[in-house]
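> sequence and predicted structure are below.
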Amino acid sequence: MDTLLVHGGTRLKGAINISGSKNASLPILAATLLTEETVIISRVPDVSDTNYMLQILSALGAEVERSSGTVRIKCANIVPDAPYELVRRMRASICVMGPLLARLNRATVSLPGGCVIGDRPVDLHIKGLAALGADCDVEGGNMDLKGPQGGLVGCELDLRGKHGPTVLGTDNIMMAACLAKGTTIIESAACEPEVVDLANFLISMGAKIEGAGTRRITIEGVEKLGGTEHTVIADRIEAGTFMAGAAAYSEGVTLHRVVEEDLAAATQVLRNCGHSVEFSNEGTSVTVKPGENPIGAQITTAPYPGFPTDMQAQFSALFATTPGISVIEDTIFPQRFMHCAELSRMGANIKVDNGTAVVTGVNQLSGAPVMASDLRASAALVLAALSAKGTTAINRLYHIDRGYEHIDEKLLLLGAEVERVREK
């Protein structure tokens with residue numbers, strides 16, 4: 001396993017491009033199963049999660065070509081069985097269920113793996129597909145779904161969950177409904193930009209979808225979908241991560257290829273804390289500079305357009321050296337605070353109780369060997385290490401490689417002193 005060595009004490013400065021969205025790419029790649037024609041997708045980030053998804057598509061029979069961020073896929077002859085050895089590596093692989101069921105009227109998918117950040121049940125996915133007419137049996141760790149004779153049938157369903165709307169669940173039902181007979185209405189749908197990007201991709205294939213980006217999505221089923229070309233949206237979580245890093249320890253950092261609207265929650269928090277956040281007139285570039293007298297904040301995660309759970313760990317790292325007290329409550333994944341124990345090893349003052357972290361800012365952190373527990377936790381450790389005194393060794397780097405494209409190279413472009421130590 002690779003280790004990232006971060007030699008702290010050098011302030012970030014300069015400019016980088018933000019990659020295409022990992023969370024948008026995965027369901028879009030899965031949606032290529034809905035057509036037998038060729039699909040070309042640009043700005044697919046080179047991260048392990050997208051690599052796993054492409055391996056799953058290949059195992060299902062797709063013809064896949066990848067070059068410099070562009071993927072060409074043709075799913076002319078596919079099978080309905082997604083192999084466990086690939087599915088277990090990534091939770092988002094569950095989003096092949098909807099397309100396979102819609103296209104082949106059956107699907108067998110292993111219960112997924114992914115980050116250990118608390119309970120993330122698949123019951124809403126199964127509930128939604130069942131509402132479209134599918135039968136689901138769970139046995140031996142596999143979900144075996146079969147559609148009714150004649151195919152899926154549109155319906156009206158509510159995807160409200162315990163902790164709010166389900167993004168992948170919305171994706172799965174929306175994809176399945178594209179080829180269902182009649183009209184499907186999804187109430188309590190997820191509003192995230194990644195859901196909108198998937199809808200736009202499906203519409204370019206010939207789907208009839210209205211309301212993406214709202215809590216009510218209407219899909220009118222069509223006979224078939226065709227090939228298309230699509231460019232994935234910018235990764236708002238990667239952008240927010242670098243924004244937090246720039247606010248914590250930089251001389252000013254500019255991020256290109258962003259979407260201002262998608263970063264509203266992070267922008268508001270940073271400005272409330274006294275940091276400078278300035279977007280270009282087009283809203284596609286942003287420059288972040290640390291405030292002279294920063295203060296803490298109170299954050300409560302919420303579904304979009306609220307503050308994303310995928311960004312709370314990175315802001316924990318920012319608040320670790322922000323004067324005063326900051327409070328972070330995660331209502332989506334209350335157990336998602338494993339990074340706090342590792343930040344404490346570096347000298348952070350963080351108390352976690354019942355889904356809430358209370359962070360009292362300290363003057364400086366110290367480098368230490370730490371362990372990444374999940375994707376966003378690993379990013380938080382990198383941000384903390386940049387300003388820490390001495391060297392921090394971040395182990396289990398494969399977590400960060402799941403969702404950040406060449407993060408060490410981007411940090412080097414910004415002047416950071418980092419090096420990847422590869423296992424021999």
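Thanks, I have the structure now.
> please report phi then psi for the residue of the chain positioned farthest from its centre.
No residue in the chain sits farther from the centre than Q149, which is 35.5 Å out by C-alpha atoms, centre = their mean. When read as degrees, to the nearest 10, the backbone of Q149 gives phi -60, psi 130.
> that one: what's it in contact with?
With contacts defined as C-beta atoms under 8 Å, 6 or more residues apart in numbering, Q149 has no neighbours. To be clear about C-beta, it is placed using only N, CA and C from the backbone, and glycine gets the same treatment.
> which residues sit in contact with the residue lying closest to T214 once chain neighbours are set aside?
Counting by C-beta to C-beta, 6 or more residues apart in numbering, T214 lies nearest to C191, which is 6.3 Å off, once chain neighbours are set aside. By C-beta under 8 Å, 6+ apart, the residues touching C191 are 165, 213-215, 303-305.
> let's go with 10 Å and repeat that
165, 167, 170, 211-215, 217, 303-306 (C-beta atoms under 10 Å, 6 or more residues apart in numbering).
> the chain - how does it break down into domains?
When the chain is parsed with automatic domain parsing, its domains come out as 3-19+234-421, 22-231.
> could those go into CSV alongside mean pLDDT?
Formatted as CSV, the domains of the chain follow (pLDDT from 0 to 100):
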stretch, mean pLDDT
domain 3-19+234-421, 97
domain 22-231, 92
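> what helix or strand does the residue most central in space within the chain sit in?
The centroid of the chain falls nearest to N23 when counting by C-alpha atoms, centre = their mean (3.7 Å). N23 is located in helix 22-31, with elements delineated by DSSP states H and E.
> what helices or strands is that helix leaning on?
strand 38-42, helix 48-59, strand 70-74, helix 97-104, helix 167-177, helix 193-204, strand 228-231, helix 236-248 (3 or more C-beta pairs under 10 Å, 6 or more residues apart in numbering; DSSP states H and E).
> deepest in the core, which of those is it.
Each of the helices and strands packed on helix 22-31 was scored by mean neighbour count; the highest is helix 167-177, a mean of 28, by mean count of other C-beta atoms under 10 Å.
> and that one, how far out from the chain's middle?
Centroid separation for helix 167-177 versus its chain: 16 Å, with C-alpha atoms, centre = their mean, to the nearest Å.
> please tell me how far the closest residue in space to the residue nearest to the centre of the chain that isn't next to it in sequence sits from N172.
Among residues not flanking N23 along the chain, E194 sits closest, at 4.7 Å (C-beta to C-beta, 6+ apart). According to C-beta to C-beta, to the nearest Å, E194 and N172 sit 13 Å apart.
> overlap in contacts of the two?
When contacts are counted by C-beta under 10 Å, 6+ apart, E194 and N172 have P27 as shared neighbours.
> isn't C340 up against V370?
No: counting by C-beta atoms under 10 Å, V370 is not a contact partner of C340; they are 11.4 Å apart.
> between those two, who's got more neighbours?
V370 (26 against 22; other C-beta atoms under 10 Å).
> any idea which helix or strand carries that one?
strand 369-371.
> okay, the helix or strand just after that strand in CSV with CA atoms only?
Once strand 369-371 ends, the next helix or strand along the chain (criterion: DSSP H and E) is helix 375-387. C-alpha atoms of helix 375-387 as CSV (Å, rounded to 0.1, in the frame of the first residue of the first chain):
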residue,chain,number,x,y,z
LEU,A,375,-12.0,8.7,1.2
ARG,A,376,-12.8,12.1,2.7
ALA,A,377,-11.0,11.3,6.0
SER,A,378,-7.8,10.8,4.1
ALA,A,379,-8.2,14.2,2.4
ALA,A,380,-8.7,15.8,5.8
LEU,A,381,-5.4,14.3,7.0
VAL,A,382,-3.6,15.7,3.9
LEU,A,383,-4.9,19.2,4.6
ALA,A,384,-3.9,19.0,8.3
ALA,A,385,-0.5,17.8,7.3
LEU,A,386,0.2,20.7,5.0
SER,A,387,0.5,23.2,7.9
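> identify the residues contacting whichever helix or strand comes after helix 375-387?
Where DSSP H and E defines the elements, the next helix or strand beyond helix 375-387 is strand 391-395. Identification of contacts with strand 391-395 by C-beta under 10 Å, 6+ apart yields 1-9, 342, 345-346, 365-372, 378-379, 381-382, 384-386, 400, 417-421.
> one more time with 8 Å, if that's ok
Outside strand 391-395, the residues within contact range by C-beta under 8 Å, 6+ apart are 1, 3-8, 346, 367-372, 378, 381-382, 384-385, 400.
> what strands line up against it, and which way round?
strand 3-7 (antiparallel), strand 369-371 (parallel) (DSSP bridges).
> quick one, that strand and helix 375-387 angle?
170 degrees (axes from the mean of the first three to the mean of the last three C-alpha atoms, to 10 degrees).
> what residues of strand 391-395 count as buried?
Of all the residues in strand 391-395, those buried under the rule 16 or more other C-beta atoms under 10 Å are 391-395.
> do the same with stretch 274-282
So stretch 274-282, judged by 16+ other C-beta under 10 Å, has buried residues 274-275, 277, 279.
> dump the C-alpha coordinates for that stretch into CSV.
Taking C-alpha atoms only, stretch 274-282 is exported to CSV below (Å, rounded to 0.1, in the frame of the first residue of the first chain):
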residue,chain,number,x,y,z
GLY,A,274,-13.5,35.5,7.5
HIS,A,275,-11.8,34.0,4.5
SER,A,276,-11.7,35.5,1.0
VAL,A,277,-13.6,33.6,-1.7
GLU,A,278,-13.8,35.4,-5.1
PHE,A,279,-15.3,33.8,-8.2
SER,A,280,-14.7,34.9,-11.8
ASN,A,281,-17.5,36.6,-13.7
GLU,A,282,-18.4,33.3,-15.3
